[in-house]
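*Asks:* Pasting the sequence and the predicted model now:
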Amino acid sequence: MDGSPGILLILDGWGHAPAAPGNALAAAASPFLDALVGDPAGLLLEASGGAVGLPEGVVGNSEIGHMVMGAGRPLEYDSLLVQRQAESGALRTHPVLRDVCGRLVREGGTLHLVGLCSDGRIHADIGHLPEVLRAVRAAGLERCAIHAITDGRDVPEGTSGRYLSALTTMTEEIGVGFVAGVIGRDYAMDKSGRDDLTAKASRLLLDGAAERTAPDAESAVRGHDHDGSVPPTAVTDPAGTPTTVRDGDVILFMNFRSDRTAPLVDRVADDLASDGRTRVRLLSLGRYDTRAEVPALVPRADASGGVADALEEAGVRSLRIAEREKFDHVTFFFNGRDARRRTGEEHVLVPPAADGPVQDHPEMNIDALGRAVVEGAGRGDVGLVVANLANMDVVGHTGSYEATCRAVTAVDRVAARICAAARDSGHWVLLVGDHGNAEQMLTSPEDGSAPRPYGGHTRNPVPCALVTADGARPAAPAGAAIPSIGPTVLHLLGVPVPAGMSAPSLFTLRSRQGALDDLR
Ligand SMILES: O=C(O)[C@@H](CO)OP(=O)(O)O
Ligand SMILES: [Mn+2]
Ligand SMILES: [Mn+2]
């Protein structure tokens, strides 16, 4: 490589918005980040909607953010591919769905639909359900059980009742489907290894085993604290009988995103095997990264040929560093949803600093992460360090404004420390957000009522800054987006940019003389 070694520092949830109530980035003490955003050489990049490969108007998310930064081009994300099939009618006439429903009609079986019940469109979209129900209706299948997972993280807290009512209306209008169970995403979509929560979600689905029962969906969410923590609730029939999954039934998982659904899918597959219910078939809307073989109705876009391949080709060593919540993002997703570790690629998983709710320790283990980045960069044999500072997103999702302000200050402190060390060791540092979160911690409900806490992602642009000794000048075209991070990193390293990387590089590295000329 004829460029110079560097650090790609991804500040998760680092979006940009004008100072306003609820903007934790504007309010928190963050002098280093403020200076980067205020610098004329700083940039704002698009990180949501069509600019990254999502449906227009859809907020960004960590998966697509890290995928397109690594791929160096927008990628058609699963939500877009499913939405396209729903809009074209391809989902309603999907041959696999038609055959499955036909068999269930002949055998008197049930189709079970399991999915996140909101239009947050990060993991799932309730808007995809009608087309599946129409396929069921067209096949003449009458038994379609819906197992709803309540959200409150991708959409404002307290909206689960509204989404469940919308779901009930859909089933009435289309004439098929009934809600069999309701459970919070904290149980059904846990990816932190809480197998006890995943087990409860599996047993609610398979056996109707619940902590409480309800006569209908809406009453299943009354009296709970948070949408995400609705306990396993079976919606029983008039005789008080819960729905169960019987041998020969089919379960279709409706989330298009894999990471938080895969643990439940694998647990359900294991439970079915141990129960001897070997003729239950599992299907998914989007493709999942599960141990179990689960056919997907909608295939994924190809995300290969990115930075990881270019570095391997050029023989450049890279170091990937993150805490658990974002470790898959700087490895698997940055590499194009590819688990193959490239030659010269090293991984550092930073352990958690403490247990308990993250809003109680918003600093997480960021100091250990900062040390790992500085040590890694200082080794001399590493061309690129890719690190994710997770705090602003992970703490942002709690909806706690105060804790998020503390997270912002922690990120600011450690990012400044990394940049100072990098300057001493002759490394450039490219800082960028993967989508917004901390800059908007309040949402104004459509009914004009008072703003409410909001911990979800945003459509805001993300800041991007290059800190280097070489006086780089921004050359970002208008409307630049985060896929440009891929070619920019390779350009700075002096590694050839693969032809497939359609996004333009963001900075032109001026010669040292050029930088001095500028100063005259
Ligand atoms: O936590 C998650 O699963 C999503 C929000 O639902 O956030 P991110 O895309 O940042 O992982
Ligand atoms: Mn993120
Ligand atoms: Mn997030």
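*Replies:* Happy to help now that I have it. Ligands and ions are numbered 1, 2, ... in the order given.

*Asks:* what about Gly479, how many residues close to it?
*Replies:* Using other C-beta atoms under 10 Å, Gly479 has 10 other residues around it. Every C-beta, even on glycine, is put in place using the N, C-alpha and C of the backbone.

*Asks:* Now do the same contact list for it.
*Replies:* Glu46, Ala51 (C-beta atoms under 8 Å, 6 or more residues apart in numbering).

*Asks:* and it, what pLDDT?
*Replies:* According to the prediction, Gly479 has pLDDT 80.

*Asks:* Not counting residues beside it along the chain, what's closest to the closest residue to ligand 1 within the stretch 351-500 of the chain?
*Replies:* Closest approach of the stretch 351-500 of the chain to ligand 1 (C-beta to the nearest ligand atom) occurs at Asp393, with a separation of 5.0 Å. Nearest residue to Asp393 in three dimensions, chain neighbours excluded: Gly13, at 3.0 Å (C-beta to C-beta, 6 or more residues apart in numbering).

*Asks:* hang on, the earlier thing: helix, strand or coil for the residue of the stretch 351-500 of the chain closest to ligand 1?
*Replies:* Three-state assignment for Asp393 (DSSP: H, G, I helix; E, B strand; the rest coil): helix.

*Asks:* any idea how far Met364 is from it?
*Replies:* 11 Å (C-beta to C-beta, to the nearest Å).

*Asks:* circling back: run a quick neighbour tally on the residue nearest to Asp393.
*Replies:* Counted with other C-beta under 10 Å, Gly13 comes out at 34.

*Asks:* when you give positions from now on, start the count at 35
*Replies:* Sure, I'll start numbering at 35, so the last one becomes Gly47.

*Asks:* just to revisit the earlier point, show me the contacts for the residue of the stretch 385-534 of the chain closest to ligand 1.
*Replies:* Asp427 neighbours (C-beta under 8 Å, 6+ apart): Asp46, Gly47, Ser96, Lys360, Asp468, His469, Asn471, Ala472, His491.

*Asks:* I'd say the fourth one and Asn422 touch.
*Replies:* Going back to what we said before, that points to Lys360. Yes. Between Lys360 and Asn422 there is a contact under C-beta atoms under 8 Å: 4.1 Å.

*Asks:* on that earlier part again, may I have the phi/psi pair for the residue nearest to Asp427?
*Replies:* phi 80, psi 10 (degrees, to the nearest 10).

*Asks:* For it, list the residues it contacts.
*Replies:* Neighbours of Gly47 in contact, by C-beta under 8 Å, 6+ apart: Asn425, Met426, Asp427, Val428, Gly430, Gly467, Asp468, His469, Gly470, Asn471, Ala472, His491.

*Asks:* gap between the third one and Leu331?
*Replies:* This points to Asp427. 30 Å.

*Asks:* before we move on, back to that, could you pull out the residues contacting both of Lys360 and Asn422?
*Replies:* What both Lys360 and Asn422 touch, as defined by C-beta under 8 Å, 6+ apart, is the set Ile44, Asp46.

*Asks:* so after the helix with the most length in the chain, what's the next helix or strand?
*Replies:* Counting residues, the longest helix in the chain under DSSP state H turns out to be helix 435-459. Following helix 435-459 in sequence order, the next helix or strand is strand 462-467 (DSSP states H and E).

*Asks:* Okay, now the sheet partners of that following strand, with direction.
*Replies:* strand 40-45 (parallel), strand 496-501 (antiparallel) (DSSP bridges).

*Asks:* now check the longest helix of the chain, is it near ligand 1?
*Replies:* No. Counting by C-beta under 6 Å from any ligand atom, ligand 1 has no neighbours in helix 435-459; the shortest distance is 13.6 Å.

*Asks:* same question, stretch 112-130
*Replies:* No. Figure legend: stretch 112-130 not in contact with ligand 1 (C-beta under 6 Å from any ligand atom); closest approach 11.6 Å.

*Asks:* what comes up buried for that stretch?
*Replies:* Using 16 or more other C-beta atoms under 10 Å as the test for burial, stretch 112-130 gives Asp112, Ser113, Leu114, Leu115, Val116, Gln117, Gln119, Ala120, Leu125, Arg126, His128.

*Asks:* Out of those, which sit inside strands?
*Replies:* Among the buried residues of stretch 112-130, DSSP state E puts none in strands.

*Asks:* Make JSON lines from those and add pLDDT to it.
*Replies:* Below are these laid out as JSON lines (pLDDT from 0 to 100):
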{"residue": "Asp112", "pLDDT": "95"}
{"residue": "Ser113", "pLDDT": "95"}
{"residue": "Leu114", "pLDDT": "96"}
{"residue": "Leu115", "pLDDT": "96"}
{"residue": "Val116", "pLDDT": "96"}
{"residue": "Gln117", "pLDDT": "96"}
{"residue": "Gln119", "pLDDT": "96"}
{"residue": "Ala120", "pLDDT": "96"}
{"residue": "Leu125", "pLDDT": "96"}
{"residue": "Arg126", "pLDDT": "96"}
{"residue": "His128", "pLDDT": "97"}
